[in-house]
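> got a sequence here, can you build the structure:
(2 chains)
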Amino acid sequence: KAGVTQTPRYLIKTRGQQVTLSCSPISGHRSVSWYQQTPGQGLQFLFEYFSETQRNKGNFPGRFSGRQFSNSRSEMNVSTLELGDSALYLCASSLVGVSYEQYFGPGTRLTVT
Amino acid sequence: KNEVEQSPQNLTAQEGEFITINCSYSVGISALHWLQQHPGGGIVSLFMLSSGKKKHGRLIATINIQEKHSSLHITASHPRDSAVYICAVPQGGGADGLTFGKGTHLIIQP
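Numbering: from 1, shown residues only, chains lettered A, B, ... in the order given. Below you'll find the model as predicted:
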């Protein structure tokens, strides 16, 4: 069974640009969550999607958005990038939510210059 | 919103020692996750538990729901166990995202 994949793995962007990250969950998993990891704040919840609907959103500004497609693949978008958005962005998939085992992707390392 | 406290933040031990990492949370939960993160970023789920005790190889995880506390134990520790261990719980309600502890940086010296 293929694991969770994330593309791209590394990305360098300039302040003010926007970026789209992609996450393909394990086949059969309907829940996809996104997390941001920085040295200062650790791991923080961005949002969770289930069956194409955003079920919950963390405490991040509206520049962070996402969506989920009918095949459960998910994308997250960050507009008007700031230096502080430099982070490792991880997605995790599970059957139906956070009360089930989470399978993490390798992450996308975003650097904003 | 759930608050998660992990201890210790850093731990250096000799190969073969018994390791214990603790996690406390503030709000009742449906499940607690123990995760392992190696340098480079990849996160692996070690355990998900809602009661009692689970064992996988040299790793043991326990949870006390009444006391809102969980422990991760490593028996006969090995240098390859060196990693960051992270405790995570649902933020609140069970249908939303995870809240994470700050992690325990474990180094096992040969």
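> closest point of chain A to chain B, which residue?
A:Phe45 (3.3 Å; Cβ to the nearest Cβ). In this view, the C-beta of every residue, glycine as well, is placed from N, C-alpha and C.
> and the closest residue to that residue other than its chain neighbours, what does it touch?
Spatial nearest neighbour of A:Phe45, excluding adjacent residues (Cβ to Cβ, 6 or more residues apart in numbering or on different chains): B:Gly97 at 3.3 Å. Applying Cβ atoms under 8 Å, 6 or more residues apart in numbering or on different chains to B:Gly97 gives the contacts A:Ser33, A:Tyr35, A:Phe45, A:Leu46, A:Phe47, A:Glu48, A:Asn56, A:Gly58, A:Val98, B:Pro90, B:Gln91.
> in the sheet, who's paired with B:Tyr25?
Under DSSP bridges, the beta-bridge partners of B:Tyr25 are B:Val4.
> what's near enough to touch it?
With Cβ under 8 Å, 6+ apart, B:Tyr25 has these contacts: B:Asn2, B:Glu3, B:Val4, B:Glu5, B:Leu32, B:Lys68, B:His69, B:Ser70, B:Cys87, B:Val89, B:Thr99.
> just the buried residues of those residues.
For these, a burial check counting by 16 or more other Cβ atoms under 10 Å in any protein chain shown picks out B:Asn2, B:Val4, B:Leu32, B:Lys68, B:Ser70, B:Cys87, B:Val89, B:Thr99.
> quick one: pLDDT of the closest residue to B:Gln91 other than its chain neighbours?
Sequence neighbours aside, B:Thr99 is the residue nearest to B:Gln91 in space, at 4.9 Å (criterion: Cβ to Cβ, 6+ apart). For B:Thr99, the pLDDT comes out at 91.
> what's near enough to touch B:Thr99?
A:Phe45, B:Lys1, B:Asn2, B:Glu3, B:Val4, B:Tyr25, B:Ala88, B:Val89, B:Pro90, B:Gln91.
> what does chain B put close to chain A?
Chain B comes close to chain A at residues B:30-31, B:33, B:35, B:41-45, B:48, B:50, B:86, B:88, B:90-91, B:94-100, B:102-103, as judged by Cβ under 8 Å from any Cβ of the partner chain.
> for the helix or strand of chain B with the lowest mean pLDDT, which strands pair with it and how are they oriented?
The least trusted helix or strand in chain B, going by mean pLDDT, DSSP states H and E, turns out to be strand B:98-100, with a mean of 91. Using DSSP bridges, strand B:98-100 pairs in its sheet with strand B:83-90 (antiparallel).
> picking up where we left off before, tell me the two of the contacts of B:Tyr25 that are most distant?
For the contacts of B:Tyr25, the farthest-apart pair by Cβ to Cβ is B:His69 and B:Thr99; their separation is 15.4 Å.
> circling back: looking at the buried ones among the contacts of B:Tyr25, which is nearest B:Lys55?
Nearest member of the buried ones among the contacts of B:Tyr25 to B:Lys55, counting by Cβ to Cβ, is B:Ser70, at 14.0 Å.
> which other helices and strands does the helix or strand in which the closest one is found contact?
Using DSSP states H and E, B:Ser70 falls within strand B:69-74. Using 3 or more Cβ pairs under 8 Å, 6 or more residues apart in numbering or on different chains; DSSP states H and E, the elements in contact with strand B:69-74 are strand B:19-25, strand B:32-37, strand B:43-49, strand B:59-64, strand B:83-90.
> if anything else comes up later, I'll come back, but that's it for now.
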